[in-house]
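A.B. asks: predicted model and sequence below, questions to follow.
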Amino acid sequence: SQSSLHTALRLVEGWPDKSVGSLGQVAGVGMDSSGNVVIFHRGDHVWDAWTFDSKRQYREKDKGPISTDTVISLNPQTGKPVHQWGRDFFYLPHGLTLDHEDNVWVTDVAMHQVFKFAPGGGERPLLTLGERFVPNWSTDHFCQPTDVAVEKSGDFYVSDGYCNSRILKFDSTGKLLAVLGEVSHDAAPDQGFALGTQMVIPHSLALAEDRQQLCTADRENGRVVCFSTVTGKPVRTIQHPEFGERLFAISYSPSQGGLLHAVNGPTDPPTTPVQGFTMRFGDGEILDTWPDQAFRNPHDVACASSGVYVVEIGPNKVWKLEPSEDQISVKK
Ligand SMILES: O=C(N[C@@H](O)C(=O)O)c1ccccc1
């Protein structure tokens, strides 16, 4: 039997440092190569039931972009902000990813666009994809794109999105290479997708490059779907009763033989605890659930050697979870 040591995670009190000040809805979290925790929040903009019209067009364009910095890098030990940028550009921040060169990849669900910024941000993006404020399902448009994952080769994936059920693969210049998990736009939900049902809001991406798999949190199906990065075909799903109906975000760590961290989401009526999961990547088995008290609305998760980080929307929180002293050995 294989035993693997892992540790129960617990919330770190008083993190981040109060100098971070008041945050808007915190949509995305990522780690940079220095181990800083980078968060993507919405300032005074919110996504509520009236924000988009029936065609998924953003209703509040003329309010202008968020006037405060939306990207904040936090020191992982002190929780103090070490850098911030991104004012007067974004309307509804969603996904944030740092690639292996610390370029910052972000999605904005109001603009229906994906941007690549140089390390540390800057005034203008290095790359812009999608047509500003124009939702569509043609391959040069997105519809509320949710996240980005980037290979060392520079090829990258976009999970698209709330109103498209697909993942697009591009080369480093933004040329479309492949569409993963696509079903014809008018197909019934249970047709055309190799694993039985199409994705419903591919909401978060985790790239396990060493395992040639790209996984997504198929949010409203409450499951993980993994695709081969070689063939683009779906290779497996991971689903557990403990997930409940909705799985919001996932993050891959190559350590300890490959771990997948995930957070689920609230349901109405509440059926399962809103919590985090640590799974063995290989077979998807749950090794640990955390934290001791429940989350309310976890929206994204990122992991590093310093700990696991979860951001929430309502209440707007950034949580740090670190291994607690009591090591638990799992006999499997
Ligand atoms: O999913 C929603 N929001 C979050 O995921 C988010 O804010 O990214 C949402 C859906 C309907 C109405 C309002 C918000």
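C.D. replies: Noted; the coordinates are in hand. Numbers count the residues shown, from 1 in each chain.
A.B. asks: make it CA atoms for all contacts and neighbour counts henceforth
C.D. replies: Noted.
A.B. asks: check contacts around residue 297.
C.D. replies: Shown in contact with residue 297 (C-alpha atoms under 8 Å, 6 or more residues apart in numbering): 265, 266, 274, 312, 313, 314, 315.
A.B. asks: any idea how far residue 240 is from the residue nearest to residue 252 when sequence neighbours are not counted?
C.D. replies: Spatial nearest neighbour of residue 252, excluding adjacent residues (C-alpha to C-alpha, 6 or more residues apart in numbering): residue 260 at 4.6 Å. Residue 260 sits 13 Å away from residue 240, going by C-alpha to C-alpha, to the nearest Å.
A.B. asks: one more: residue 78?
C.D. replies: Taken as C-alpha to C-alpha, the span from residue 78 to residue 240 is 35 Å.
A.B. asks: quick one: residues contacting residue 257.
C.D. replies: Neighbours of residue 257 in contact, by C-alpha under 8 Å, 6+ apart: 280, 281.
A.B. asks: actually, residue 163.
C.D. replies: Applying C-alpha under 8 Å, 6+ apart, the residues near residue 163 are 56, 143, 144, 201.
A.B. asks: looking at the residues you listed, state which has the most neighbours.
C.D. replies: Within those, neighbour counts (other C-alpha atoms under 10 Å) peak at residue 144, which reaches 31 neighbours.
A.B. asks: you'd agree that residue is in a helix?
C.D. replies: No. Under DSSP: H, G, I helix; E, B strand; the rest coil, residue 144 falls outside any helix and is assigned coil.
A.B. asks: which residue, other than its chain neighbours, is closest to it?
C.D. replies: In space, residue 144 is closest to residue 109, 4.1 Å off (C-alpha to C-alpha, 6+ apart).
A.B. asks: spit out the contact partners of that neighbour.
C.D. replies: Contacts of residue 109 (C-alpha under 8 Å, 6+ apart): 91, 92, 93, 94, 143, 144, 145, 146.
A.B. asks: what separates it from the ligand, distance-wise?
C.D. replies: Distance from residue 109 to the ligand, counting by C-alpha to the nearest ligand atom, to the nearest Å: 8 Å.
A.B. asks: what of residue 305?
C.D. replies: 27 Å.
A.B. asks: how many residues are close by that residue?
C.D. replies: With other C-alpha under 10 Å as criterion, residue 305 counts 10.
A.B. asks: contacts only, for it.
C.D. replies: Contacts of residue 305 (C-alpha under 8 Å, 6+ apart): none.
A.B. asks: look up phi and psi at it.
C.D. replies: Dihedral pair for residue 305: phi -60, psi -30, per degrees, to the nearest 10.
A.B. asks: let's have the chain start at 30 instead
C.D. replies: Renumbered: residue one is now 30, and that last one reads residue 334.
A.B. asks: for the residue in the stretch 180-329 of the chain positioned nearest to the ligand, give me its contacts.
C.D. replies: Relative to the ligand, the nearest point of the stretch 180-329 of the chain is residue 328 (6.9 Å; C-alpha to the nearest ligand atom). The contact partners of residue 328, taken as C-alpha under 8 Å, 6+ apart, are 55, 56, 57, 277, 278, 292, 294, 339, 340, 341, 342.
A.B. asks: my guess is the fifth one contacts residue 289. True?
C.D. replies: Meaning residue 278. No. Using C-alpha atoms under 8 Å, residue 278 makes no contact with residue 289, being 10.3 Å away.
A.B. asks: more neighbours, these two?
C.D. replies: Each of residue 278 and residue 289 has its neighbours counted (other C-alpha under 10 Å); residue 278 has more, 30 against 24.
A.B. asks: is residue 249 in a helix, a strand, or coil?
C.D. replies: helix.
A.B. asks: can you count the residues close to the closest residue to the ligand within the stretch 80-229 of the chain?
C.D. replies: Using C-alpha to the nearest ligand atom, residue 123 is the residue of the stretch 80-229 of the chain that sits closest to the ligand, at 6.0 Å. Residue neighbour count, defined by other C-alpha under 10 Å, stands at 28 for residue 123.
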